[in-house]
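Chemist: this is a predicted model, with the sequence first.
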Amino acid sequence: MTQKVKPTPETALMDAVVRLVSRNGVENVSTRAIIAEADGVGTDVYLYRLFGNKENLLLQTFLREDAKLIDEVLKRSDVLWEFSIPFEDRMRHFWHSVWLWFTNAHPDTCMFLARYYYCSYCGEQAKQGHVALCKPLTEKCSSLYPGVNVSRMLDSVMGMMLATAFQVCSGRTPDDGTAAESGFRMMEGLLTFYRKIDDGARKPLARALVE
């Protein structure tokens with residue numbers, strides 16, 4: 001039998017934050033609750049030594065979970081460059097692969113990111129960190145959308161995906177496929193809108209992707 005590896009205090013505290021925020025929201029999470037949720041691995045000594053305060057722990061946890069999501073989106077976006085496949089099929093494959101990553105494999109990450117990003121604790125530092133993490137994805141997609149603010153477009157797409165998945169992960173919407181299809185259609189409409197911006201300046205390769 002393999003022994004379960006004990007998490008480091010840093011990991012234990014961040015994991016505890018993800019679970020607590022996903023269940024209770026950011027404003028209802030206290031330092032005492034975080035330490036209790038870390039189940040003896042993290043203590044107040046570790047929390048203040050590693051993070052300084054609860055707010056920085058929340059920020060660093062957000063950046064860790066945000067990096068996970070962006071990395072998945074970046075990897076799964078490769079299908080968009082499969083030009084032998086119809087565009088809608090590529091978009092559908094991309095959407096549903098990220099959707100399943102959220103709703104089936106990482107619902108706590110979905111709930112945490114949604115609750116944190118739209119709460120009062122999420123300040124300029126978190127938003128700048130998010131933009132920096134998105135840079136590889138932004139650069140990758142820029143060749144497909146010349147003349148478009150790709151950073152804003154990606155924020156809209158990812159925000160839409162996060163908000164839609166949150167409704168399912170939180171139990172507010174049944175996971176019967178309706179929410180996933182609705183979210184896909186909204187994303188499709190959004191990308192169609194961005195496609196029309198400065199369309200005359202598009203390169204042939206970009207036109208091949210969207211037509």
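Modeler: It's in.

Chemist: would you map the helices across the protein?
Modeler: Applying DSSP state H to the chain gives helices spanning 9-24, 31-37, 44-51, 54-76, 87-100, 107-117, 124-142, 150-169, 178-196, 204-210.

Chemist: can you list the low-confidence ranges for this protein?
Modeler: Applying pLDDT under 70 to the chain flags the ranges 1-4, 42, 195-211.

Chemist: still on that earlier bit, Throw the helices of the chain into TSV and include mean neighbour count, thanks.
Modeler: Where you see a C-beta, it was placed from the backbone N, CA and C, and this is true even at glycine. Below are the helices of the chain laid out as TSV (neighbours: other C-beta atoms under 10 Å):
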stretch	mean neighbour count
helix 9-24	21
helix 31-37	16
helix 44-51	15
helix 54-76	18
helix 87-100	17
helix 107-117	22
helix 124-142	15
helix 150-169	19
helix 178-196	15
helix 204-210	14
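
Chemist: contact partners for the residue most central in space within the chain?
Modeler: Centroid check for the chain by C-alpha atoms, centre = their mean gives L69 as the closest residue, at 4.1 Å. Taking C-beta atoms under 8 Å, 6 or more residues apart in numbering, we find L69 in contact with T109, L113, M158.

Chemist: could I get the contacting residues of the nearest residue to D175 once chain neighbours are set aside?
Modeler: Distances taken as C-beta to C-beta, 6 or more residues apart in numbering put V168 closest to D175, at 4.9 Å, once the chain neighbours are dropped. Residues in contact with V168 (C-beta under 8 Å, 6+ apart) are T103, P174, D175, A179, A180.

Chemist: likewise for R90?
Modeler: V79, L80, E82.

Chemist: repeat that for 10 Å
Modeler: S77, D78, V79, L80, W81, E82, F83, S84, L209 (C-beta atoms under 10 Å, 6 or more residues apart in numbering).
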